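A.B. asks: Show me how the following folds:
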Amino acid sequence: MPVMVTKKTSVTLTLLVLTLLASCATERNPAEVFNELAEPFVFDALALTPIAATAAGYHEHVRGGQNGTEANVTALDTLLDDYSPEGIANRIKFYRDFQSKLHQSVDRSRLAGDEWADYAVVDNQLEKALFELEKERSHEHNPALYVELVGNALFVPLALEYAPQEDRYRHIIARLEKLPAFLDQAKKNLQSSPSVWTQVARDENEGNIRLVERVIPAGLPDSLKEQFGKVSGPALAALRDFNTYLTSDLTKRSNHDWRLGSLYDEKLKIWLNTTKSSAEVLKEADAEMAKTYDEIITAARPIHRNIYGNQRAPNDFALMKDVLDVTSDDNRLRRGDQLMDQIRSDVRELREFMTQAALIQLPPRDNLQIIETPEFMRGVYSVAGFMPAPPLQPNLSAYYWVTPIPSDWPAARVNSKLREYNLFKLKLLSIHEVMPGHYVQFEFANEGAPDQPRFRRILRAVFANGPYVEGWAAYATMATVNAGYQASHPEIKLNWLKELLKIQANVILDIRMHTMNMSDDEASELLTRRAFQESEEVRGKILRAKLSSAQLPLYFQGMQQWLQVRNHYQQETTDFSLSSFHDKALRIGPMPLHELGYLVANRRAMSD
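C.D. replies: Coordinates of the predicted model:
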């Protein structure tokens, strides 16, 4: 039906048009609005966790100082995280308020490019922080949270040369002074804890005691010995008292289940940054593990013939046992104290290989240190780990942590460990952690793309996306083996396929243990008979599944997504090379892989 336009209607429409035009003229660019929110968010969030801030290279937090107001400067290196009820409430309020402001101020559909991707980084970090504080509530149940915070609070200033030595020892002393109150608050917060968490916290806290008692004093400047003596006594008493509390008090309240149960599905979606359910992820891992199982059996048969001639194994498990009994034992260290020297030799060899292979152009810095895993972190890092250089001070050292084999282990445990981490498996471990795995990855992230603003590089490195990070290390291991590393030794492929089986089994283990009441015996059966892991590795992996949740699936899901990103990029690039793809993808920084695919291939996003 036609509309009759009167003079009054015409005036009304004119006013409406003018109003809309005025609105459009004053409306701000959504990208500018987002960047103005995101840049201070990184530093405000770090200021809430001073221990992590020191590790990130953020040492002073400045508030105010604008429009004639006096600046308020907080020295973060002297502080511990605030786990009082008020501190926890303040942190929740900060994340909730920022989440609301972000969603109300920025329509993500109107963003593009880096802002589109960074929105996902910030939004995912908000979800993770709120899930941990409001739903998982580790501060009420996991004593290792406090033990590891204490260890990092003291170890990082000791190891990272972010300031003159005397200043860093002053920071340690300031934190030691606050340690008794911090542990008193921990005891007030902890309501119950599964016995396995309590035991690990107790063991790791012994490492903290040795850190304060022996390691820190070893390099203490003479000028600070008196100050250190005043605070170290009460700090050591508090650490020992905390272990007494764990043994005599918290251990009686062991009714909290280490299984995440009904919360697992939600956490997995947040940690994987996916819409897939745990059932869907489990189905994918099961299917891929079946393929890898067939592949490793195929690879093992010619090796079996070379060793045993025409003697046939009665089944696949016997075949693999025959092969591994020989290849793992013949190619292993004879003593646990040879581990560190072997790791250093492998890293040198890998650096030489990377300069020859057309895989990646290594970053120019050589700031890697290979050290023993700090004792307070050995519950989680039973084999090895990696600590990157701080995003805000990338010229400082990065650390490859290698966990030594305890000298009091019986021979059977030592041999099991050395068979699992035989000479070829150790090489794969160093690919994963260092070259071109996590070390190279974070060196690229800390360098950033040439046209990237500083805050964007820092945002992505500080809130590094788990599937991107762990997926890269798994993907890089596969790519290095496929590029011909140790190609003359069939054992390298055998060990890689065995590692791939473990990566896939990790998903099954984590999901079934946390949501389907998988028993230790059932977990052991999976890892032993389907993934062919040694007994010591099985023991450590089951423990790790009880200490964490939704972390073990990151490797498999991340690796799958890295392959998807690469395939998309290859399809849309006429001059594709692995080196150029790796360079571009790593310089963008650790972000959700769907957004990485968008930035690398200039497309909106990839489907799950």
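
A.B. asks: in stretch 165-179, what counts as buried?
C.D. replies: Neighbour counts over stretch 165-179 (16 or more other CB atoms under 10 Å) mark Arg168, Tyr169, Arg170, His171, Ile172, Ile173, Ala174, Arg175, Leu176, Glu177, Leu179 as buried. C-beta here means a position set from N, CA and C on the backbone, and glycine is covered the same way.

A.B. asks: How about stretch 575-586?
C.D. replies: With burial defined by 16+ other CB under 10 Å, the residues of stretch 575-586 counted as buried are Leu578, Phe581, His582, Asp583, Lys584, Ala585, Leu586.

A.B. asks: circling back: as a markdown table, the buried residues of stretch 165-179 with secondary structure, pLDDT and distance to Leu133 would be great.
C.D. replies: Putting these into a markdown table (DSSP: H, G, I helix; E, B strand; the rest coil; pLDDT from 0 to 100; distance: CB to CB, whole Å) gives the following:
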| residue | secondary structure | pLDDT | distance to Leu133 |
| --- | --- | --- | --- |
| Arg168 | helix | 97 | 30 |
| Tyr169 | helix | 97 | 32 |
| Arg170 | helix | 98 | 31 |
| His171 | helix | 98 | 26 |
| Ile172 | helix | 98 | 27 |
| Ile173 | helix | 98 | 30 |
| Ala174 | helix | 98 | 26 |
| Arg175 | helix | 98 | 22 |
| Leu176 | helix | 98 | 26 |
| Glu177 | helix | 98 | 26 |
| Leu179 | helix | 98 | 22 |
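
A.B. asks: hmm, back to that, which ones among the buried residues of stretch 575-586 lie within helices?
C.D. replies: Leu578, Phe581, His582, Asp583, Lys584, Ala585, Leu586 (DSSP state H).

A.B. asks: Need the per-residue pLDDT for Leu497.
C.D. replies: pLDDT recorded at Leu497 is 97.

A.B. asks: Where does it sit, in terms of helix or strand?
C.D. replies: helix 490-515 (DSSP states H and E).

A.B. asks: Closest to Thr292 out of the buried residues of stretch 575-586?
C.D. replies: Using CB to CB, Leu578 comes nearest to Thr292 of the buried residues of stretch 575-586, at 22.1 Å.

A.B. asks: residue contacts, that closest one?
C.D. replies: Ala358, Leu359, Ile360, Ala479, Ala483 (CB atoms under 8 Å, 6 or more residues apart in numbering).

A.B. asks: Look up the closest residue to the most centrally placed residue in the chain, ignoring the ones flanking it.
C.D. replies: By CA atoms, centre = their mean, the mean C-alpha position of the chain lies nearest to Gly466, the distance being 5.6 Å. Sequence neighbours aside, Leu554 is the residue nearest to Gly466 in space, at 4.5 Å (criterion: CB to CB, 6 or more residues apart in numbering).

A.B. asks: buried residues in the helix or strand containing that neighbour?
C.D. replies: Following DSSP H and E, one finds Leu554 within helix 553-571. For helix 553-571, burial by neighbour count (16+ other CB under 10 Å) applies to 553-562, 564-566, 568-569.

A.B. asks: so which of the residues you listed would you say is closest to Asp521?
C.D. replies: Checking the buried residues of helix 553-571 against Asp521 by CB to CB gives Pro553 as the nearest, at 21.8 Å.

A.B. asks: any idea how far Tyr83 is from that closest one?
C.D. replies: 28 Å (CB to CB, to the nearest Å).

A.B. asks: hang on, the earlier thing: pLDDT averaged over the very next helix or strand once past the helix holding Leu497 - what is it?
C.D. replies: Per DSSP H and E, the first helix or strand lying C-terminal to helix 490-515 is helix 520-525. Averaging pLDDT along helix 520-525 gives 98.

A.B. asks: and if you look at stretch 298-314?
C.D. replies: Mean pLDDT, computed over stretch 298-314, is 93.
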